[in-house]
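> I'd like to go over a predicted model; first the sequence, then the structure.
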2 protein chains.
Amino acid sequence: MYDIFQKYLEEKTELTQAESERIQSFAIIKKLRKRQYLLQEGDVWKYDAFITQGCVRTYTVDDKGSEHVNSFSIENWWTGDRESLMTQQPSRFNIDAIEDTELVLFTHENFELLCREIPAFNNMVNAILQRSFIAAQNRIQASLTLTAEEKYLNFVNKYPGFASRIPQTMIASYLGMTPETLSRIRKQTAKK
Amino acid sequence: MYDIFQKYLEEKTELTQAESERIQSFAIIKKLRKRQYLLQEGDVWKYDAFITQGCVRTYTVDDKGSEHVNSFSIENWWTGDRESLMTQQPSRFNIDAIEDTELVLFTHENFELLCREIPAFNNMVNAILQRSFIAAQNRIQASLTLTAEEKYLNFVNKYPGFASRIPQTMIASYLGMTPETLSRIRKQTAKK
DNA sequence: GTAAAAACTTGATTTAGATCAAGAGTTTTA
DNA sequence: TAAAACTCTTGATCTAAATCAAGTTTTTAC
């Protein structure tokens, strides 16, 4: 559990013993069963959340009741709704577990305190944000330029392992297509 | 020119006289004529760029020669290719001026130096990045959930003034539809 | 261990938006 | 200020992917 986050910190940044302990002192360990919610639409998100084990999805539900998957997050990634966190407005998103999942949570207040106290931690957080932004830009670019088939191949290539772990329906939704279309694409590409 | 950036800084952050002067000492003023490139595909992007006047677009060109607009940036916004800046790899993007444009540039080395020297400046930069990330997430969400018409109405609502300033072809491309489709949508919505 | 519920596949049909084409405005440039 | 080069509009046609529908396989839960 926590040791996975500890290892992540060691890889990403240089901390003194005291700083590491300070961070750990604020950590909240949370476990989710498959299908359990981490965040429900309408609630305000108040944490910074790191996944040590498992997989969650972030999605919205439209007025027709269809789900639209915004993102998947697995171990060694962060999750949450940054907009709700920043604005303290109710979230439009749901986050739930696709598998049994373990997380390390920090209340945002404590997290900000750590950022202020520990410059190396703050730098790490900013570097993650940079990368998240770049990934989001690339996803926008892909959605504008690629066909359904290209989107799927691009996804499999970029996130190997996801395709076998996450139900096709959810991947289809993430890619902005129907499950039927994805099923047909998979059949076709398997031939080649 | 620079005074517009100065005013922006004053609104977004609290700086001492000395800090303001330090920032200004690194500023490079750049002017672009309409259609002039700020960045061309294949070049490495090396700046942090703030627009004081005008409008630029960031876009890619696919193998069929079609342009895909990734973003528009106007006065009081930042522009550039963060991925190329971070990785120092050739950019996939072109950035050019839609109108005559004036910018304040900082080489990324100087910019990082300012971030290290001036905590308030660093905080401002991180806050901008947060907002950019949230905007990117919302755009992804819109592209997954909205129809062509809804995308256009959402765009007009979110960025009033852009529609009158930017050629429709480019807006259509930004929204991921053809100019013909956008023309028909505008005709229909004008009726209502 | 089996019934119920999800998840996936496959086919037939529909549709939103793309493509092709041609004319009317509008800007640019020389 | 005229011609060239864009930009926008409108109509006809096409197509990628959606929708509808029904059957099969896999997973979940008692």
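Alright, I've got the coordinates. Numbers count the residues shown, from 1 in each chain, chains lettered A, B, ... in the order given.

> Assign the spatially most central residue of chain A to helix, strand or coil.
The centroid of chain A falls nearest to residue A:73 when counting by CA atoms, centre = their mean (3.1 Å). What DSSP: H, G, I helix; E, B strand; the rest coil gives for residue A:73 is strand.

> Identify the residue nearest it in space, chain neighbours excluded?
In this structure, residue A:73 finds its nearest non-sequential neighbour in residue A:79, 4.1 Å apart by CB to CB, 6 or more residues apart in numbering or on different chains. In short, each C-beta sits where N, CA and C put it, glycine included.

> backbone phi and psi for the residue nearest to residue A:92 when sequence neighbours are not counted, please?
Excluding its sequence neighbours, the residue lying closest to residue A:92 (CB to CB, 6+ apart) is residue A:60, at 5.6 Å. In terms of degrees, to the nearest 10, the main-chain angles of residue A:60 are phi -110, psi 160.

> Would you check that residue A:60 makes contact with residue A:94?
Yes. Between residue A:60 and residue A:94 a contact is recorded at 7.2 Å, counting by CB atoms under 8 Å.

> Relative to residue A:103, how far out is the residue in chain A positioned nearest to chain B?
With CB to the nearest CB, the shortest gap between chain A and chain B falls at residue A:136, namely 3.7 Å. Between residue A:136 and residue A:103 the computed distance is 22 Å (CB to CB, to the nearest Å).

> what residue ranges in chain A score low on pLDDT?
By pLDDT under 70, the low-scoring segments of chain A are A:191-192.

> how far is the helix or strand harbouring residue A:25 from where the chain is centred?
Element membership for residue A:25 (DSSP states H and E) is helix A:17-26. On the basis of CA atoms, centre = their mean, to the nearest Å, helix A:17-26 sits 24 Å off its chain's mean C-alpha point.

> Can you name the next helix or strand after it?
Following helix A:17-26 in sequence order, the next helix or strand is strand A:28-32 (DSSP H and E).

> in that following strand, what's buried?
Across strand A:28-32, burial judged by 16 or more other CB atoms under 10 Å in any protein chain shown covers A:30, A:32.

> Each with direction, which strands does that strand pair with?
Using DSSP bridges, strand A:28-32 pairs in its sheet with strand A:101-107 (antiparallel).

> so after the partner strand, what's the next helix or strand?
helix A:108-117.

> just the angle between that following helix and strand A:101-107, please?
Here helix A:108-117 runs at an angle of 70 degrees relative to strand A:101-107 (axes from the mean of the first three to the mean of the last three CA atoms, to 10 degrees).

> got the angle between helix A:108-117 and helix A:17-26?
170 degrees.

> Could you export helix A:108-117 as CSV, CA atoms only?
Below are the C-alpha coordinates for helix A:108-117, written out as CSV (Å, rounded to 0.1, in the frame of the first residue of the first chain):
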residue,chain,number,x,y,z
HIS,A,108,-6.2,19.2,-0.5
GLU,A,109,-5.4,21.4,2.5
ASN,A,110,-2.7,19.1,3.7
PHE,A,111,-1.5,18.6,0.1
GLU,A,112,-1.1,22.3,-0.4
LEU,A,113,0.7,22.5,2.9
LEU,A,114,3.2,19.9,1.7
CYS,A,115,3.7,21.8,-1.5
ARG,A,116,4.5,24.9,0.4
GLU,A,117,6.7,23.2,3.0
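
> That helix - contacts with which helices or strands?
Counting contacts by 3 or more CB pairs under 8 Å, 6 or more residues apart in numbering or on different chains; DSSP states H and E, helix A:108-117 is packed against helix A:17-26, strand A:47-53, helix A:119-145.

> Go ahead and name everything in contact with that helix.
Outside helix A:108-117, the residues that touch it by CB atoms under 8 Å, 6 or more residues apart in numbering or on different chains are A:19, A:22-23, A:26, A:46-48, A:85, A:106, A:121-122, A:125.

> same thing with stretch A:177-192?
A:148-149, A:151-153, A:168-169, A:171-173, A:175.

> Need the residues you listed in CSV (columns: distance to residue B:182, secondary structure and neighbour count).
Converted to CSV, those look like this (distance: CB to CB, whole Å; DSSP: H, G, I helix; E, B strand; the rest coil; neighbours: other CB atoms under 10 Å in any protein chain shown):
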residue, distance to residue B:182, secondary structure, neighbour count
A:148, 22, helix, 16
A:149, 25, helix, 16
A:151, 22, helix, 20
A:152, 27, helix, 21
A:153, 29, helix, 14
A:168, 33, helix, 12
A:169, 31, helix, 14
A:171, 30, helix, 22
A:172, 27, helix, 21
A:173, 26, helix, 21
A:175, 24, helix, 22
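
> Now these in JSON lines, please, with extra columns for distance to residue B:12.
Compiled in JSON lines, the contacts of stretch A:177-192 are given as follows (distance: CB to CB, whole Å):
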{"residue": "A:148", "distance to residue B:12": "41"}
{"residue": "A:149", "distance to residue B:12": "44"}
{"residue": "A:151", "distance to residue B:12": "37"}
{"residue": "A:152", "distance to residue B:12": "41"}
{"residue": "A:153", "distance to residue B:12": "42"}
{"residue": "A:168", "distance to residue B:12": "45"}
{"residue": "A:169", "distance to residue B:12": "43"}
{"residue": "A:171", "distance to residue B:12": "40"}
{"residue": "A:172", "distance to residue B:12": "41"}
{"residue": "A:173", "distance to residue B:12": "37"}
{"residue": "A:175", "distance to residue B:12": "37"}
